[in-house]
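[1] Fold the stuff below for me.
(one chain, ligands or ions: 1)
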Amino acid sequence: MELFDTALRIDAPGPSGVPMVNNFRLIRDSARFLLARIRPYDQPVVPVTAGNGSVVVVRGRDGVRQVFTDNTAFHRADGLFDLPPGRPWSGMFDAIITANGAEHTRRRKLLMPAVHRTAMAHYREVFADTFARSRFAAPGGDPFDLKQECLRISKTNLMRCLLGFDDDASLGPFADRIVTLGTTAADPRVLLFRRDLPWSPYGRWLHRVAAAYDELAALIAGRRAADPRPDALSILCHAVDEDGDRLSTEEIAGELHGFFAAGFETTAMTLSLALITLLGSPDPAASPVEVTTEDDLSAVLKESQRLLPAVPITLPRRVTTTVEIAGSPPVPKGALLFMAPLLEHRDPLVYPSPQAFRPQRWRAGEPAPRQYEFIPFGLGPRRCLGAEFADLQVRTTLSLMLERGLPGLVRPRVDYGMVNGVTAGPQRPVPVHADRPRWTVLTGSITEVWKPAA
Ligand code: HEM
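    So this is what the prediction gives:
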């Protein structure tokens with residue numbers, strides 16, 4: 001199936017423009033497009049271009065709940081990263097994240113042990129050790145980039161917890177080879193011109209997919225032959241469900257790739273953004289947030305995920321049958337559909353002063369958002385599989401950082417925006433000094449989404 005069918009129609013107002021151009025703008029620069037072009041339309045379904053049914057954004061709790069709970073009318077989008085069939089690596093983009101129906105349920109069941117409570121105890125120890133080895137924990141030294149260090153922490157934790165690597169020298173390049181498969185796939189030259197020729201961008205990309213598969217397959221073979229260990233790869237190699245079903249080598253390779261694609265930058269940016277909310281504010285009248293208890297930390301983390309979500313827009317779904325969403329005009333079969341945590345988290349009826357950073361809104365006794373009104377990890381049967389892993393990682397790292405003493409920003413500018421196709425975070429380096437704490441009045445484009453309380 002083509003990515004967008006611009007011949008589709010929907011009888012609903014939306015932004016003006018050329019459908020193909022608007023669709024790519026939404027995908028390449030989601031945060032900006034959502035805030036500038038979609039937010040003015042307060043209706044259950046907003047076409048990305050007025051009257052055009054190729055890509056739509058669902059708004060409001062009722063529509064969000066309908067989509068998150070109906071896996072029949074809304075499929076995880078197909079046709080995005082289809083690989084040529086019949087090769088060992090053809091399944092590198094087939095994972096729970098792209099599966100639908102019974103195959104999705106099967107994979108979810110077989111993957112669960114890797115993120116089960118019992119696995120988390122080991123992961124927590126790794127998170128603490130990775131922090132202890134990070135530049136945030138080292139005394140003295142020169143300023144460094146907060147964002148790069150959070151990326152390094154997240155990558156190291158994925159390699160150690162998922163693959164069981166503990167060798168810093170091979171960690172980075174191997175992880176990069178896996179992670180960049182997905183980000184380069186979103187390059188329009190790869191996405192749109194699928195000619196498998198040695199010199200074409202698509203052909204070169206396929207070559208890298210095959211090489212990454214070979215590396216993963218060798219790792220899987222080694223782990224299958226060895227005794228069980230606490231890393232997720234070993235857990236998946238030895239996991240069997242009650243019917244004796246297990247994941248094949250191709251399936252495990254696809255899932256590992258999916259975990260890296262879904263879990264690396266998302267976690268790093270969530271950590272970066274939460275940390276930034278502890279180091280300063282765009283409001284000159286604000287003062288540093290006091291964090292002394294776990295509840296305080298929880299409130300800061302939730303409020304940073306609400307105001308500055310690392311995933312401003314969910315993964316796309318394909319509409320499988322023409323359907324009304326929360327009373328909308330019919331959304332045509334074939335439409336590509338998104339939901340937007342960035343917009344849902346800014347509904348003034350749910351979050352008074354939505355543009356202000358107010359951790360106290362998450363305290364007991366304050367009006368709490370209802371289910372489907374706070375969706376940093378999505379919800380329902382397709383809720384993020386790594387949510388507990390990511391949450392534990394961010395909490396463990398932040399609380400160790402608070403214990404050690406927070407770093408200070410070297411300069412005030414922070415820009416919030418897309419750092420790849422799906423993840424938002426600081427768009428430029430954010431230099432900090434580990435031993436010079438100093439609360440800062442922030443400048444930069446973060447001030448367009450985070451404003452002083454009215
Ligand atoms: C703070 C970091 C993270 C955020 C904000 C995040 C957010 C999300 C969101 C919004 C979805 C899509 C929900 C939907 O469209 O219905 C998702 C799905 C998913 N995420 Fe995460 N994620 C994070 C970390 C991770 C990690 C660390 C992993 C794995 C190690 C992971 C694995 C997945 C998978 C496998 C899915 C697809 C689940 C399914 O379709 O059943 N994520 N995530």
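
[2] Does the helix or strand hosting His122 reach the ligand?
    Using DSSP states H and E, the element containing His122 is helix 117-132. No. Helix 117-132 lies apart from the ligand when judged by C-beta under 6 Å from any ligand atom; the minimum separation is 10.0 Å. C-beta here means a position set from N, CA and C on the backbone, and glycine is covered the same way.

[3] Distance from that helix to the middle of the chain?
    20 Å (C-alpha atoms, centre = their mean, to the nearest Å).

[4] immediately after that helix, which helix or strand?
    With DSSP H and E, the next secondary element past helix 117-132 is strand 144-145.

[5] immediately after that next one, which helix or strand?
    helix 146-158.

[6] Asp241 is in contact with Lys109, correct?
    Yes. Here Lys109 reaches Asp241: they are 5.6 Å apart, a contact under C-beta atoms under 8 Å.

[7] For this protein, give the helix that spans the most residues.
    As assigned by DSSP state H, the longest helix anywhere in the chain is helix 249-279.

[8] what residues are up against the spatially closest residue to Ala274 that is not a sequence neighbour?
    Excluding its sequence neighbours, the residue lying closest to Ala274 (C-beta to C-beta, 6 or more residues apart in numbering) is Ser304, at 4.2 Å. Residues in contact with Ser304 (C-beta atoms under 8 Å, 6 or more residues apart in numbering) are Thr270, Leu273, Ala274, Ile276, Thr277, Phe357.

[9] give me that answer again for 7 Å
    Residues in contact with Ser304 (C-beta atoms under 7 Å, 6 or more residues apart in numbering) are Leu273, Ala274, Thr277.

[10] likewise Ala232?
    Shown in contact with Ala232 (C-beta under 7 Å, 6+ apart): Ala114, Ala119, Cys161, Leu162.

[11] do Leu8 as well
    Going by C-beta under 7 Å, 6+ apart, Leu8 touches Asn52, Gly53, Ser54, Pro332, Gly334, Ala335.

[12] Between these, which sits nearest Tyr351?
    Distances from Tyr351 to the contacts of Leu8, taken as C-beta to C-beta, are shortest for Ala335 (28.5 Å).

[13] List phi and psi for the closest one.
    phi -70, psi 150 (degrees, to the nearest 10).

[14] To what extent is the nearest residue to it once chain neighbours are set aside buried, counted in neighbours?
    Taking C-beta to C-beta, 6+ apart, and ignoring the residues beside it in sequence, Ala335 has Val319 as its nearest neighbour in space, at 4.5 Å. Neighbour count of Val319, defined by other C-beta atoms under 10 Å: 23.

[15] before we move on, what about Phe374?
    Close neighbours of Phe374, defined as other C-beta under 10 Å, add up to 20.

[16] Show me what from the chain comes close to the ligand.
    When proximity is defined by C-beta under 6 Å from any ligand atom, the chain lies next to the ligand at 96-97, 108, 258-259, 262-263, 266-267, 270, 310-311, 314-315, 376-378, 382, 384-386, 389-390.
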